[in-house]
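In: From the sequence below, what's the structure:
(2 chains)
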Amino acid sequence: MIRIGIDVGGTNTDAVVMDGDTVLAGVKAATTADVMTGVVNALKMVLAASGMAPSAVDVVMIGTTHFTNAVVQRRDLAQTAAVRLGLPATASLPPMVDWPEDLRATIGNHYWLAHGGNEFDGRVISPLDEDELLGIAEEIKAKGINSIAITSVFSPVSNDFEKQAGEIFARALPGAHISLSSDIGRIGLLERENACIMNACLRDLSAHVIDAFRKAITETGITGRFYLTQNDGTLMDAAYAERFPVLTFASGPTNSMRGAAFLSGVAEAIVADIGGTTTDIGSLHKGFPRQATVAVEVGGVRTNFRMPDVFSIGLGGGSHVVETDKGIKVGPTSVGYRIVTEALIFGGATLTTTDIVVASRRESLGDPAKVAHLDTGLIARTQARIMAMLEDCVERSRLSPDPLPVIVVGGGSILVDGPIGGLQVIKPNHFAVANAVGAAIAQVSGEVDRVYSLAEIGRDEALADAKSRAIEAAVAAGALRETVEIVDVEDVPLAYLPGNATRVRVKAVGELHV
Amino acid sequence: MQIKRIVHAADMEDIATGGAIMGTGGGGDPYVGKLMAQQAILKYGPVRIIDVTELPDDALVVPVCMMGAPTVMTEKLPQGDELMNAFRALEQLLGRKIDAVLCGEAGGVNSTTPFVVAAASGLPLVDGDGMGRAYPELQMVTFTLHGVSATPMVLCDDKGNSLVLNTVSNAWTERLARAATVEMGGSALLAFYAMDGATAKKAVVRGTLTLCADLGRSLREARAAHEDPVESVRAMLGAEIIFHGRIKDIERRTEGGFARGTARFDGAEEWRGHSLRLDFQNEFLMAERDGKVIVTTPDLITLLEAESGLPVTADSLRYGLRLVALAFEATAQWRSPEGVALVGPRYFGYDVDYTPFQPNSGSGL
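Out: Residues are numbered from 1 along each chain as shown, chains lettered A, B, ... in the order given. Reported below is the predicted structural model:
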């Protein structure tokens, strides 16, 4: 199978061509303002570099931050109707209550509360009222809104009401984009509703962007299918991505970590992605990034997305190096992409971490003569400082006392020399384009997040039920059934309730069914 | 009546942060309660805080709080009128006007719930509570020590149901109300422990709401100024740093509806080579350093993220987190023999006697 992986970042659009498990070529192109031109350029470059005919490409996988940026920059967002099912409960806090004012205004602050919803144990709070929903549909129609976000209380436990309400709105408002919260988020009403509303307000944009990706691929003569990567490092096909743009939100760091796992062949490790300005560190478990457990804000909105637990520090190949009376200071300021003109070795006047590496003669870059004057004490102290920063970061990300290796990827990888905090360091081939590789090798997943009463069914039975639901979800998302395996199981007892109510979260992944 | 402080909607951020610190790992995430208090204040106006000493002896004071699983409340948000329904129903039962609102538990989500009632009723809110921290059971309040009955108590749900309890003891109230809360969908809101001003002056743990507000503000300001946020919290509480380290093992189990467990830490920085064991039942209840018990309930143990100084709940403990453990003295009421019998280590099933913890008395390293 010939795959192309693309990662559209803020500065670079990277692309790789892979034949099975072999990377044939990897390139970096500049990201363009319209994004599409950069994608076309990267595709053409990587096809040329690999000598691959466009017609031979089976699939293209794209990781993009386009939708995140749209929310952060408040642009291209549609007017959205937020409909919540749960009355009489939940009336105390309306949808979007905690959103930044400008974002709420951008999408119109349209919301309705209706009857419906479930209790934690699945009991009905109040039955769905079709007439009530039809009345809301009339108002939505009158306001000319075409995107609807439906959130029902405890829909991760039972999503029947969301589905029924979605059907009622679909009949009443033909052609409307409908997003259901149970497809997107987990327990935590406001956070899940926020994600659902953000998804809904991106639906017009996603139709446009997915179409543009499709055209960019067609323009280069590629006829294979294409997919987008989501937060958890797995794929969604173009049609699904168009319906769930919000699921792309953290795909960037996820792809670099997945790429690192693949290139190194190591599934249990810490990954350090060292760029020009920052280093992102996270941990891999069974080849997937460990996910954050706390609420993550996107564009000022609290969400509970499936996001990798990544810790960032201001250390990169372009970080400033300054000697102070308290010792050497490295970063967080950086010359960033201007390193090619501002670093000493490139004739500039700023001492950067890359200059130190060249001065230590570990790497040959630019003009080494321009750093020959640097004091050997300064070089040694800076290197020690860099390693100490990385060690502290790596320690934070360790999830077990096992001596896991550290996989180092990204353009700034040259900063690392030798073990970090006693842990073995792996620098795989193609480390600079690990993120595009991560996109290319993405798998397909299914996840469940439900509350079980362990007084009624045993823990083993509850876990078995959750696992089989996760596997079915993965197969439904396009995974080959025989390759699906459970990669994550988590059960957390709900405090203060008898009957051992326990929240179970299970994730299954499998190979893409091509 | 002298007003001690006026609380506006924006001030609730700091109170919620402080409430999480005083929650000692339990009591639930104050996020939803904070938003509800902010909505109420925006709608009805700011909340006036008074010292308990401002109350006439014959004044009627009523505490309010949320009972049940905080996780449920983050999903099934309240309808909004439950607290006021419970408050007004109890007022009607008592047959006289309530003069002031009181906080039952100044830790976790319940550090914020009384602000909803104070804003909506326009009544002053007493600066204090019945715990000076968070505890898992309804009878675990200083009010119990002063013979105040939890009942008559009114428990309300989102549907408009209300339940009046009249019980023989506060322990029975806990038992019956817990069962009702589950039927009501896992979380309910209530008004209870009605008392007069004279009793409140003896029973209330004083100053805890302004302490929450000050802790939150101090932490926020220290973070903004890039100062040491952990030290800002420690200094304000007069607490001792009993440990700094990483979680190397975490073990959880559910018993009787409570999240019990044990977290083990390896020391970092100046604590390298030392170890800490922390036992919790929703709240952090016992700390054992290098094999020796150094702090137990009712004295307070709270965990802060080493870098940010933000409080960490028992639910979110996981391997590898680098945390600082602070310990400080409980209110003198809890340190009495009656207090220790109600909330001491033996009540929670730990086979140790309570030894009062004296911060910064040289018991550290």
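
In: okay, CA-based contacts and neighbour counts for the rest of this
Out: Will do.

In: And stretch A:203-217, what's buried?
Out: Residues A:R203, A:D204, A:L205, A:S206, A:A207, A:V209, A:I210, A:A212, A:F213, A:R214, A:A216, A:I217 are the ones in stretch A:203-217 that count as buried (16 or more other C-alpha atoms under 10 Å in any protein chain shown).

In: shouldn't the fourth one be in contact with A:L247?
Out: This means A:S206. No. Using C-alpha atoms under 8 Å, A:S206 makes no contact with A:L247, being 11.4 Å away.

In: measure stretch B:215-233 end to end?
Out: 6 Å (C-alpha to C-alpha, to the nearest Å).

In: before we move on, the earlier item: which neighbours do A:S206 and A:L247 share?
Out: Both A:S206 and A:L247 are contacted by A:A241, under the criterion C-alpha atoms under 8 Å, 6 or more residues apart in numbering or on different chains.

In: My guess is B:I21 contacts B:E305. True?
Out: No. Counting by C-alpha under 8 Å, B:I21 stays clear of B:E305, with 11.1 Å between them.

In: what's the straight distance from one end of stretch B:181-191 to the other?
Out: End-to-end for stretch B:181-191, by C-alpha to C-alpha: 14 Å.

In: now swap in stretch A:338-348 and tell me
Out: 10 Å.

In: buried ones in it?
Out: Residues of stretch A:338-348 classed as buried: A:I339, A:E342, A:A343, A:L344, A:I345, A:F346 (neighbour count, 16+ other C-alpha under 10 Å).

In: The fifth one falls within a helix, correct?
Out: Yes. When DSSP: H, G, I helix; E, B strand; the rest coil is applied, A:I345 is found to be in a helix.

In: you'd agree it is up against A:H373?
Out: No. Between A:I345 and A:H373 there is no contact under C-alpha under 8 Å: 11.7 Å.

In: out of everything not next to it in sequence, what's closest to A:C196?
Out: Once flanking residues are discounted, A:C196 sits nearest to A:S181: 5.1 Å by C-alpha to C-alpha, 6 or more residues apart in numbering or on different chains.

In: got it, and B:L42?
Out: Closest to B:L42 by C-alpha to C-alpha, 6+ apart is B:A9, at 6.4 Å.

In: And B:I21 and B:E305? Which one has more around it.
Out: B:I21 (30 against 17; other C-alpha atoms under 10 Å in any protein chain shown).

In: Against A:E485, how distant is B:A16?
Out: B:A16 is 41 Å from A:E485, by C-alpha to C-alpha.

In: Repeat that for B:G28.
Out: According to C-alpha to C-alpha, B:G28 stands 34 Å off from A:E485.

In: Counting neighbours, go ahead and name the busier of these two.
Out: The neighbour comparison of B:G28 against A:E485 (other C-alpha under 10 Å) goes to B:G28, with 29 against 17.

In: isn't the more buried one right next to B:T74, touching?
Out: No. B:G28 is not in contact with B:T74 according to C-alpha under 8 Å; the separation is 9.4 Å.

In: and the residue nearest to A:E363 when sequence neighbours are not counted, which of the three is it?
Out: On the basis of C-alpha to C-alpha, 6+ apart, the spatially nearest residue to A:E363 that is not a chain neighbour turns out to be A:V357, at 6.3 Å. Under three-state DSSP, A:V357 falls in the helix class.

In: what is in contact with B:I21 and B:E305 at once?
Out: Joint contacts of B:I21 and B:E305 (C-alpha under 8 Å, 6+ apart) are B:P311, B:V312.

In: Flag every residue of the stretch 101-250 of chain A that's near chain B.
Out: A:E119, A:F120, A:D121, A:V153, A:F154, A:I187, A:G188, A:L189, A:L190 (C-alpha under 8 Å from any C-alpha of the partner chain).

In: which of the residues you listed has the most neighbours?
Out: Busiest of those [other C-alpha under 10 Å] is A:V153, holding 33 neighbours.

In: Quick check, pLDDT for that residue.
Out: A:V153 is assigned 97 on the pLDDT scale.

In: I figured it hits A:G122, correct?
Out: No. Counting by C-alpha under 8 Å, A:V153 does not reach A:G122; the two are 10.1 Å apart.

In: sorry, back to before: what count of nearby residues applies to the residue nearest to A:C196?
Out: By other C-alpha under 10 Å, 28 other residues sit near A:S181.

In: Kindly provide the distance from it to chain B.
Out: As judged by C-alpha to the nearest C-alpha, to the nearest Å, A:S181 and chain B stand 12 Å apart.

In: May I have the residues that are in contact with residue 93?
Out: Defaulting to chain A. Contacts for A:L93 (C-alpha under 8 Å, 6+ apart) come out as B:L35, B:M36, B:Q39, B:L77, B:G80.

In: You answered for a different chain; I wanted chain B.
Out: B:P152.

In: Tell me how many other residues crowd the residue nearest to B:L42.
Out: B:A9 has 20 neighbours, counted by other C-alpha under 10 Å.

In: same question, A:Y227
Out: A:Y227 is flanked by 25 other residues according to other C-alpha under 10 Å.

In: Show me what the helix or strand where it lies pairs with in its sheet, parallel or antiparallel.
Out: Assessed by DSSP states H and E, A:Y227 sits inside strand A:225-229. Strand A:225-229 has its sheet partners listed here by DSSP bridges as strand A:59-64 (parallel), strand A:235-237 (antiparallel).

In: So which of the buried residues of stretch A:203-217 are in helices?
Out: A:R203, A:D204, A:L205, A:S206, A:A207, A:V209, A:I210, A:A212, A:F213, A:R214, A:A216, A:I217 (DSSP state H).

In: which of these lies closest to B:A86?
Out: Nearest to B:A86 among those, counting by C-alpha to C-alpha, is A:R203 at 43.3 Å.

In: quick one: that closest one and A:A239 touch, right?
Out: No. The pair A:R203 / A:A239 is not scored as a contact, 11.6 Å apart, by C-alpha under 8 Å.

In: A:E242 is in what secondary structure piece?
Out: helix A:238-243.

In: In terms of secondary structure, what does that helix contact?
Out: Judged by 3 or more C-alpha pairs under 8 Å, 6 or more residues apart in numbering or on different chains; DSSP states H and E, helix A:238-243 is in contact with helix A:203-219, strand A:225-229.

In: would you turn the ones you listed into JSON lines with mean pLDDT?
Out: Shown next, in JSON lines, are those (pLDDT from 0 to 100):
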{"stretch": "helix A:203-219", "mean pLDDT": "90"}
{"stretch": "strand A:225-229", "mean pLDDT": "90"}
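
In: Tell me which of these lies nearest to A:I6.
Out: Comparing the helices and strands packed on helix A:238-243 by C-alpha to C-alpha, strand A:225-229 comes nearest, at 9.4 Å.

In: picking that back up, which two of the residues of the stretch 101-250 of chain A next to chain B have the greatest separation?
Out: Distance extremes for those: the farthest pair is A:D121 and A:L190 at 19.2 Å, using C-alpha to C-alpha.

In: circling back: return the set of buried residues in the helix holding A:E242.
Out: Buried residues in helix A:238-243 (16+ other C-alpha under 10 Å): A:A238, A:A241, A:E242, A:R243.

In: How about stretch B:285-297?
Out: Buried residues in stretch B:285-297 (16+ other C-alpha under 10 Å): B:L285, B:M286, B:A287, B:E288, B:R289, B:V293, B:I294, B:V295, B:T296, B:T297.

In: tell me which element A:A15 is part of?
Out: strand A:12-19.

In: which residues sit against that strand?
Out: Strand A:12-19 has contacts (C-alpha under 8 Å, 6+ apart) with A:1-8, A:23-31, A:38-39, A:42-43, A:46-47, A:50, A:433, A:435-437, A:440.

In: so it versus strand A:59-64, what angle?
Out: Per axes from the mean of the first three to the mean of the last three C-alpha atoms, to 10 degrees, the angle that strand A:12-19 makes with strand A:59-64 is 160 degrees.

In: Just give me how far the following helix or strand past strand A:12-19 sits from the chain centre.
Out: Going down the chain from strand A:12-19, the next helix or strand is strand A:22-30, by DSSP H and E. The chain centroid and the centroid of strand A:22-30 are separated by 21 Å under C-alpha atoms, centre = their mean, to the nearest Å.
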